[in-house]
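[1] one predicted model, sequence on top.
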Amino acid sequence: MRLGKWIAIIFLLSIFAFWVPVMATDQGVASTHDTEHGFTHGAEHAVAETGHGDVHPGSELHGHGDAGHGGHVNLGEVLKLWTCIPFACMLLSIALFPLLAPKFWHHHFGKVSAFWAACLAIPFLIAFKGVAVHEILHIILADYVPFIILLWALYTISGGILLKGTLRGTPIVNTIMILIGTVLASWMGTTGAAMLLIRPFLKANNYRKNRTFMVVFFIFLVANIGGSLTPLGDPPLFLGFLHGVDFFWTMKIMPHMLVTAGILLVVYFFLDTYHYKKEGLTSAPVEEGEKEPLKLVGTHNFIFLGGVVVSVLISGIVDWGEVNTLGIHRAVQDWARDGFLILMAILSLLTTSKRIHEDNDFSWFPIVEVAYLFIGIFITMVPCLLILKAGLKGEMGFLIAAVKEPMHYFWVTGTLSGFLDNAPTYLTFFNTALGAFYPGMPEAQAVPLLMTESSVYLKAISAGAVFFGSFSYIGNAPNFMVRSIAEEGGTPMPSFFGYILKYSLVFLFPTFVVVTLIFF
């Protein structure tokens, strides 16, 4: 009861602290914005709804929300940086609760996520009414729902593929497995490749004492950096594809990917070799009984994985119009894609034997954990994204104004991608570059020029968004899932800050510095 009282007190204080200044800001803005026409839905929101259009940071899209004063409000220009506090608290909860109160966190992480989401949503709705309803519904229907459906489908289908046989994780074997996953990631998505290989990878190394660093490098390469060569690999690149970037243009950042992946694979091999010898192992332990040859079981699930990849690709090519759902406009092909993904996953469950799932140690807990935590992340992230998308007119205008050189685009896009959704971050700086180099020019004409005359800037934005997704657990969708599967399988994983301090800053930061010196 004492804990419940403290939660109630914190909740009421947070609402009061957030609501009063927001209402004051809203009152002050009403008089200056009554003549404005619309509010920013965000660049990637427009893309998610229509798949088309020119949207630049700070631009205003016509909306019909009511801010409580009979006028329209550009929320990105109104909101202050401190409205991102619930998002920061959400991240701190993910970082600290598993360390300070692991039992509480294990049983109540969903409630913690709902708590911080409510701390943002309730005062946000009170202050901005219809506009706030639209923004929250939009991020749920246009961003969160397709996000979690894609993850669930890939998680379910890959859980029906089992690698059987005697495979032991020596440094060479582990490096080859991570290399294969890195190559696959660009063609079946970072989530698909990670979910396909993480269980065999863990099983091959179940006899090793120190497995934590192995999973971290798996996240670095398979769940992120490997997905940088095609729009199928990572959501930011898919958004670029929707905006006119050629499908195979992203192959131009292959040198950047090869350098990054090459450095990390070499570091991993020597690190694995060091721990292998430290554990007193000179060869993989011999299994009792006859050695079982390697074979894949449940291979029919590759058909469903192919269906997922094709449906995602087609949804970015066709245009079947729009449909209004609770006031949120989404492309018909996007809803069709989501429905097809659900169908693929259901067919996988129906056609895969329970024995395969049991042998694969398959459970629903990792995807449930991701679903509960990311709904809190998505909702509390709304003010951060709106401020960012307001461009020069928002509270982060100083940062966007400072982005001029290719290395600026790489590091600023990357840093924000490591802690926010890397898809809208990519699109924000994609449009920043279009506005900087080709102001007033239609997107259909500007994007080909950005791919040719100013290609170094687009390379910097693309590489930054994809590479830095590995910098934290929330930088990219599969990171948290890999962590959850690893922990469920008995591999201890670092905390949120432990991951950044012990691994990202030690291994990724110097690697990205090298990439900057060579390419940007």
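    It's in.
[2] only C-alpha atoms for contact and neighbour calcs from this point on.
    Fine.
[3] what mean pLDDT does stretch 209-222 have?
    Across stretch 209-222, pLDDT averages out at 94.
[4] then stretch 358-367?
    Averaging pLDDT along stretch 358-367 yields 84.
[5] same thing with stretch 101-109?
    Computed over stretch 101-109, the average pLDDT equals 86.
[6] stretch 477-493 now?
    Mean predicted lDDT for stretch 477-493 stands at 87.
[7] what residues does that stretch touch?
    151, 190-191, 194-195, 198-199, 202, 211-212, 215, 219, 223, 361, 366-367, 369-370, 470, 472-474 (CA atoms under 8 Å, 6 or more residues apart in numbering).
[8] same thing with stretch 252-260?
    Contacts of stretch 252-260 (CA under 8 Å, 6+ apart): 225-226, 228-229, 459, 463, 511-512, 515, 519.
[9] give me the buried positions along it.
    For stretch 252-260, burial by neighbour count (16 or more other CA atoms under 10 Å) applies to 252-254, 256-257, 259-260.
[10] filter the contacts of stretch 477-493 down to the buried ones.
    Applying 16+ other CA under 10 Å to the contacts of stretch 477-493 flags 151, 190-191, 194-195, 198-199, 202, 211-212, 215, 219, 223, 366-367, 369-370, 470, 472-474 as buried.
[11] which ones among those map onto strands?
    Among these, none falls in strands (DSSP state E).
[12] among those, which are in helices?
    Among the buried ones among the contacts of stretch 477-493, the members found in helices (DSSP state H) are 151, 190-191, 194-195, 198-199, 202, 212, 215, 219, 366-367, 369-370.
[13] now residue 472: how far from residue 166?
    Distance, residue 472 to residue 166, by CA to CA, to the nearest Å: 33 Å.
[14] what about the stretch 301-450 of the chain, any weak spots by pLDDT?
    421, 440 (pLDDT under 70).
[15] can you show me the strands along it?
    Secondary structure of the stretch 301-450 of the chain (DSSP state E, counting those that start in this stretch): strands at 322-325, 328-331.
[16] what's the closest of these to residue 268?
    With CA to CA as the measure, strand 328-331 is the member of the strands of the stretch 301-450 of the chain nearest residue 268 (42.7 Å).
[17] now do that closest one: which elements does it pack against?
    Applying 3 or more CA pairs under 8 Å, 6 or more residues apart in numbering; DSSP states H and E, one finds that strand 328-331 contacts helix 43-50, helix 102-138, strand 322-325.
[18] rebuild these as TSV, extending it with distance to residue 353 and mean neighbour count.
    Formatted as TSV, those follow (distance: least, CA to CA, whole Å; neighbours: other CA atoms under 10 Å):
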stretch	distance to residue 353	mean neighbour count
helix 43-50	36	22
helix 102-138	29	19
strand 322-325	37	14
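[19] residues touching residue 248, list them.
    With CA under 8 Å, 6+ apart, residue 248 has these contacts: 229-230.
[20] same check, this time on residue 228
    186, 234, 237, 250, 253-254, 257, 462-463, 466-467.
[21] what mean pLDDT does stretch 247-260 get?
    So the average pLDDT for stretch 247-260 ends up being 93.
[22] ends of it, what's the gap?
    22 Å.
[23] and that stretch, how far from the chain's centre?
    The chain centre lies 20 Å from the centre of stretch 247-260; the measure is CA atoms, centre = their mean, to the nearest Å.
[24] report pLDDT for residue 48.
    The score at residue 48 is 37. That number is its pLDDT.
[25] returning to what we had before: closest one to residue 130 among the strands of the stretch 301-450 of the chain?
    strand 328-331 (12.2 Å).
[26] what strands flank that closest one, and is each parallel or antiparallel?
    strand 322-325 (antiparallel) (DSSP bridges).
[27] export the strand it pairs with as PDB, just CAs?
    Provided in PDB are the C-alpha atoms of strand 322-325 (Å, rounded to 0.1, in the frame of the first residue of the first chain):
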ATOM      1  CA  GLU A 322      -6.800   6.300 -48.100                       C
ATOM      2  CA  VAL A 323      -9.200   5.300 -45.300                       C
ATOM      3  CA  ASN A 324     -10.200   7.300 -42.300                       C
ATOM      4  CA  THR A 325     -10.000   5.400 -39.000                       C
END
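[28] quick one: residue 232 is in a helix?
    No: assessed with DSSP: H, G, I helix; E, B strand; the rest coil, residue 232 is coil; it does not lie in a helix.
[29] contacts only, for residue 106.
    residue 98.
[30] all the strands of the stretch 151-300 of the chain, residue numbers only.
    162-164, 295-297.
[31] so what are the sheet partners of the last one and their directions?
    What it means is strand 295-297. Going by DSSP bridges, the partners of strand 295-297 are strand 162-164 (antiparallel).
[32] the strand it pairs with: how far from the chain's middle?
    Relative to its chain's centre, strand 162-164 lies at 28 Å (CA atoms, centre = their mean).
[33] stretch 138-155 now?
    With CA atoms, centre = their mean, you get 11 Å for stretch 138-155.
[34] show me which residues of that stretch are buried.
    By neighbour count on 16+ other CA under 10 Å, the buried set for stretch 138-155 is 138-142, 144-155.
[35] name the residues that touch that stretch?
    45, 48-49, 191-192, 195, 305, 308, 328, 330, 338, 341-342, 344-345, 367, 371, 374-375, 378-379, 382, 477-478.
[36] if we use 7 Å, what do you get?
    48, 191-192, 195, 328, 330, 338, 341-342, 345, 367, 371, 375, 378 (CA atoms under 7 Å, 6 or more residues apart in numbering).
[37] name the member of those with the most neighbours.
    Highest neighbour count within these: residue 192, with 28 neighbours (other CA atoms under 10 Å).
[38] could you find the closest non-adjacent residue to it?
    residue 154 (5.5 Å; CA to CA, 6 or more residues apart in numbering).
[39] and that neighbour, what's its pLDDT?
    With respect to pLDDT, residue 154 scores 84.
[40] that one and residue 346, how far apart?
    For residue 154, the distance to residue 346 - CA to CA - is 11 Å.
[41] next one: residue 161
    From residue 161 across to residue 346, the span is 15 Å (CA to CA).
[42] which one of these two has more residues nearby?
    residue 161 (25 against 15).
[43] I'd say the more buried one and residue 297 touch.
    Yes: using CA atoms under 7 Å, residue 161 is in contact with residue 297, at 5.8 Å.
[44] how many other residues sit next to the residue lying closest to residue 306 once chain neighbours are set aside?
    Leaving out its chain neighbours, the residue that sits closest to residue 306 by CA to CA, 6+ apart is residue 188, at 7.9 Å. When neighbours are counted by other CA under 10 Å, residue 188 registers 24.
[45] which residues are in contact with residue 188?
    Residue 188 touches 232-233, 309, counting by CA under 7 Å, 6+ apart.
[46] same check on residue 458?
    So residue 458 contacts 450-451 (CA under 7 Å, 6+ apart).
[47] quick one: mean pLDDT for the helix or strand encompassing it?
    In the assignment (DSSP states H and E), residue 458 maps to helix 455-467. Here helix 455-467 scores 94 as its mean pLDDT.
[48] CA atoms only: put it into PDB for me.
    Provided in PDB are the C-alpha atoms of helix 455-467 (Å, rounded to 0.1, in the frame of the first residue of the first chain):
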ATOM      1  CA  SER A 455      24.700  12.500 -52.200                       C
ATOM      2  CA  VAL A 456      27.300  12.700 -49.300                       C
ATOM      3  CA  TYR A 457      24.600  14.400 -47.200                       C
ATOM      4  CA  LEU A 458      22.000  11.700 -47.900                       C
ATOM      5  CA  LYS A 459      24.700   9.000 -47.100                       C
ATOM      6  CA  ALA A 460      25.400  10.700 -43.800                       C
ATOM      7  CA  ILE A 461      21.700  10.800 -42.900                       C
ATOM      8  CA  SER A 462      21.100   7.200 -43.900                       C
ATOM      9  CA  ALA A 463      24.200   5.800 -42.200                       C
ATOM     10  CA  GLY A 464      23.600   7.800 -39.100                       C
ATOM     11  CA  ALA A 465      20.000   6.700 -38.700                       C
ATOM     12  CA  VAL A 466      20.800   3.000 -39.200                       C
ATOM     13  CA  PHE A 467      24.200   2.700 -37.500                       C
END
